[in-house]
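>>> Need coordinates for the following:
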Amino acid sequence: MPIALRKFTFLHLTVLAGFCGCFRDDANPADDPNIPAIAKYFTTKGRYEEVNPYLVEDILAVNASILQPPSKQCRQVHLTAIVRHGTRYPTSKNIRKMQQLYEVVRRDASGEESWLREIQTQWTMWYTEDMDGRLVQKGVSDHKHLAVRLSKLFPSLLSEEKLRGGFIKFITSSKHRCVNSTMSFMAGLTELWAIKDMEFDHAVNDALMRFFDQCTRFVQEVDKNPSALSEVDKFKQGPEMRRVAEKIADRLRVPYSDITDDMAEAAFYLCAYEFAIKTVNSPWCRLFDEVDAQVLEYANDLKQFWKRAYGYDINSKSSCILFHDAFSRLDKAASESRSGKQVSEAVTVQVGHAETLLPLLTLLGLFNDSDALTSTNYATQAQRLFRTSHMLPYAANLLLVLYDCGGGELRLQPLLNEKPVTFPGLTNQPAPVPLYEDVKERYRELLRGCDFEAECQLFEGPA
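As a prediction, the model looks like this:
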């Protein structure tokens, strides 16, 4: 598979301030009037800080207690970090929907509420179609700050010595927002260590980071198949979504027919983007109460469930190539460590998309509810595990930390968004970090099979 190598020369930009190792988990964003009350429901358009609220107070804070090796003899020997790009502009498709909504509100809405007057007289439609998903300045900061925090959590792996020595590898999707996120992550490290005399490579590899584009069966049976998302369509036409649209129409004093489900979503995402990009509690947020936000969150979760997760088997199987890549790196690091050699790839940073992470999390069996999400069971899914607001904010990351505990004993700890998660089926381990061999046994069938080419071909071969 062709892999493009690109050089990146680092300029020393703004020095990151406050290299503090402290950690507080008592931040309460609800006390901050600049944070929308509905911010925790913004699904894949949410800030990383809503998943880890302590970062609002100190963006470089880390909670070292999340790392739980069973003994002090255990040392970190490898880290794989699969990371979503940082905060971005809306896509051109969503910008068109926002424009349509804005025209209705500007032209037809009536009322004396201050937030409505603000939209009509002060707010301007500043999103333009050429922005189309590009990384914003907040997205640059997302990855710079993540890099610094991970260097604090894994100081023996993500270190200046390892970076200068070529032991840290960077791989990215070809999309500009991912390339720029990768460069931002690297800049976070080079600014931290004031490295100005070296260049570092990153590899562009869409086969790994955009596998979903290259899996023919997924593209044909799910991505380009309108009927694959029939549950989503039914929910959008159902009573919960209809009520949300009606409440928006009531608040704007326009006919119900003026507000479509697309417009309701556009207003929700306007609130989300204004907050994620500019950190403002936009007047658009006043169109929703918490009940509305929960319905709109479910609508997006439903879409992600059927298009990228447990809805269809091929959704997760499309990530087989990334799954095998991760375990081959872990195997190599394990072999080198066991034989007393220096691990040649201490850290692998792979930057992709929500659509990269979610199929892999699904393949690993994480956040799997007993009942599928459907158009008719919204009321019973309030406590669901599958919640993209928690799983996939901007800069979401799956971390796989390999420990060598001596005597050939290797252990693997998974973290999602800097929080411990548990491999399904390995919850009864005596130690919180399972043996690497037990993890491999848990995923034995996938490690033996899960062949990308075989899973992704559209038609079965001859018997």
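
>>> For this protein, which helix or strand comes out least confident on mean pLDDT?
strand 4-9 (a mean of 44; mean pLDDT, DSSP states H and E).

>>> And the contacts of whatever helix or strand comes next after that one?
The helix or strand immediately downstream of strand 4-9 is helix 48-51, counting by DSSP states H and E. When contacts are defined by C-beta atoms under 8 Å, 6 or more residues apart in numbering, helix 48-51 is touched by residues 29, 39-40, 42, 55-56, 59, 142, 146, 389-390, 393-396, 417. Yep, even glycine has a C-beta here, placed from its N, CA and C like the rest.

>>> From the residues you listed, which land in strands?
The strands, defined by DSSP state E, take in nothing from these.

>>> Point out the least confident one among the residues you listed.
Comparing pLDDT over the contacts of helix 48-51, Pro29 scores lowest. The value there is 55.

>>> what are the pairing partners of the lengthiest strand in the chain, and which direction each?
Ranked by residue count, the top strand of the chain under DSSP E comes out as strand 75-84. Note on strand 75-84: by DSSP bridges, its sheet partners are strand 347-352 (parallel), strand 397-404 (antiparallel).

>>> Make CSV out of the ones you listed and add mean pLDDT.
CSV is the format used below for those (pLDDT from 0 to 100):
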stretch, mean pLDDT
strand 347-352, 98
strand 397-404, 98
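
>>> For Tyr269, which of the ones you listed is the nearest?
Tyr269 lies closest to strand 347-352 among the strands paired with strand 75-84, at 21.3 Å (C-beta to C-beta).

>>> which one of the strands paired with strand 75-84 is the most hemmed in?
Scoring the strands paired with strand 75-84 by mean neighbour count under mean count of other C-beta atoms under 10 Å gives strand 347-352 as the most buried, with a mean of 25.

>>> Next secondary structure element downstream of it?
helix 354-363.

>>> tell me the mean pLDDT for that following helix?
98.

>>> State the distance from Phe423 to Asp404.
19 Å (C-beta to C-beta, to the nearest Å).

>>> And for Glu103?
For Glu103, the distance to Asp404 - C-beta to C-beta - is 61 Å.

>>> sorry, back to before: just give me the closest of the contacts of helix 48-51 to Glu290.
The closest of those to Glu290 turns out to be Lys40 (C-beta to C-beta; 9.4 Å).

>>> ok, Thr422 - contacts?
With contact set as C-beta under 8 Å, 6+ apart, Thr422 has these partners: Pro414.

>>> typed the wrong thing, it's Cys405
Contacts of Cys405 by C-beta under 8 Å, 6+ apart are 69-71, 73-75, 411.

>>> pLDDT at it, what is it?
96.

>>> Leaving aside the residues adjacent along the chain, what's closest to it?
Among residues not flanking Cys405 along the chain, Cys74 sits closest, at 4.1 Å (C-beta to C-beta, 6 or more residues apart in numbering).

>>> Would you check that that neighbour makes contact with Tyr403?
Yes. Taking contacts as C-beta atoms under 8 Å, Cys74 lies within contact range of Tyr403: 4.2 Å.

>>> Return every residue with contacts to both of the two.
411, 433.

>>> Dump the C-alpha coordinates for stretch 31-47 into CSV.
Extracted in CSV, the C-alpha atoms of stretch 31-47 (Å, rounded to 0.1, in the frame of the first residue of the first chain):
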residue,chain,number,x,y,z
ASP,A,31,-21.5,27.0,37.3
ASP,A,32,-20.0,28.6,34.2
PRO,A,33,-22.5,30.8,32.3
ASN,A,34,-20.2,30.6,29.3
ILE,A,35,-20.9,26.9,29.0
PRO,A,36,-24.3,25.9,27.5
ALA,A,37,-26.4,23.8,29.8
ILE,A,38,-26.8,21.3,27.0
ALA,A,39,-23.1,21.0,26.1
LYS,A,40,-22.8,17.5,27.5
TYR,A,41,-25.2,16.3,24.7
PHE,A,42,-23.3,17.5,21.7
THR,A,43,-22.3,14.0,20.5
THR,A,44,-19.4,14.0,18.0
LYS,A,45,-19.5,17.9,17.9
GLY,A,46,-18.6,18.1,21.6
ARG,A,47,-15.5,19.5,23.3
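
>>> What residues of that stretch count as buried?
35-36, 38-47 (16 or more other C-beta atoms under 10 Å).

>>> Save those residues as CSV, and put in distance to Thr124 too.
Shown next, in CSV, are the buried residues of stretch 31-47 (distance: C-beta to C-beta, whole Å):
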residue, distance to Thr124
Ile35, 23
Pro36, 20
Ile38, 23
Ala39, 23
Lys40, 28
Tyr41, 26
Phe42, 22
Thr43, 26
Thr44, 26
Lys45, 21
Gly46, 24
Arg47, 23
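
>>> For the stretch 151-300 of the chain, just list every one of the helices.
160-165, 176-192, 206-209, 216-218, 230-236, 239-252, 261-278, 290-308 (DSSP state H, counting those that start in this stretch).
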